[in-house]
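Undergrad: Need coordinates for the following:
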Amino acid sequence: MRKNLIPGLCLLLGIAGCESRQAPAAAVATPDDAARNISDAPAGDCVANAFFKGRVSGAVQAELDVDRRRLSCEGGPRPDGEGARLYFAIAGERSAALAVIVALPELRRGQGGEELAANVTLILEGEARFFSTQNQQTCWADIAAGEHLGGARYVTEGRLYCIAPLAEVGGMDSVSVGETEFRGVIDWGES
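TA: Coordinates of the predicted model:
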């Protein structure tokens, strides 16, 4: 009965995009799916020992323990020039690609830090669904000072933790990101 009331209430109150849906857990790539779809060579800017490990629950259910053979990653300065961001993606043959963007506005080239503010976005690329902190200070990262790879490239290794779920952009669902560990590279370019 609740399902039938929600659309009527939304219409009455004029709330756009309001609906009641119990979305099934999204099918997310497993490491085996990813292995069939991504070659052993790292994609993007992954370093030889890149990884992404963590757990996602809520509207998306996934245990992630992905090494560079199954990972696409990139990193660079944020578009506004404040800090950097890292992008990690896992693609599956029969499921939506899952991508995670970790933006670190306080991170500086070649440096690390503890409890750095982090804006986190999780994307189900095949379904065009986005979950994000939306600039709320609910996620932080501890970043180790990265190994310099030459030029403007630095290894970036860290631990991410969030104290609140990431809300779905334009939707009513959310995901919780458990403690996450990652290793990638940031190419700071000319910044």
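
Undergrad: Quickly list what the most centrally placed residue in the chain is bridged to.
TA: By C-alpha atoms, centre = their mean, the chain has its centre lying nearest to Val100, at 1.7 Å. Going by DSSP bridges, Val100 is paired in beta bridges with Phe88, Leu122.

Undergrad: And Ala50, what's its pLDDT?
TA: Predicted confidence (pLDDT) for Ala50: 91.

Undergrad: repeat for Gly150
TA: So Gly150 comes in at 91 (pLDDT).

Undergrad: Now do the same contact list for it.
TA: By C-beta atoms under 8 Å, 6 or more residues apart in numbering, the contact list for Gly150 is empty. Placement of C-beta: from N, CA and C, glycine included.

Undergrad: Kindly report the same for Trp140.
TA: 115-118, 160-162 are the contacts of Trp140 under C-beta under 8 Å, 6+ apart.

Undergrad: Ranking by neighbours, what's the top pick from the residues you listed?
TA: With neighbours taken as other C-beta atoms under 10 Å, the top of the contacts of Trp140 is Ala118, carrying 27 neighbours.

Undergrad: I'd like to know how far it sits from Ile101.
TA: 10 Å (C-beta to C-beta, to the nearest Å).

Undergrad: And Arg55, by the same measure?
TA: Note on Arg55: its distance to Ile101, by C-beta to C-beta, is 18 Å.

Undergrad: Ile123 now?
TA: 7 Å.

Undergrad: quick one on the thing from earlier: any chance of the contacts of Trp140 in a markdown table, with pLDDT, distance to Glu168 and secondary structure too?
TA: As requested, the contacts of Trp140 are exported to a markdown table (pLDDT from 0 to 100; distance: C-beta to C-beta, whole Å; DSSP: H, G, I helix; E, B strand; the rest coil):
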| residue | pLDDT | distance to Glu168 | secondary structure |
| --- | --- | --- | --- |
| Glu115 | 96 | 26 | strand |
| Leu116 | 97 | 25 | strand |
| Ala117 | 96 | 21 | strand |
| Ala118 | 96 | 19 | coil |
| Leu160 | 97 | 19 | strand |
| Tyr161 | 95 | 20 | strand |
| Cys162 | 96 | 15 | strand |
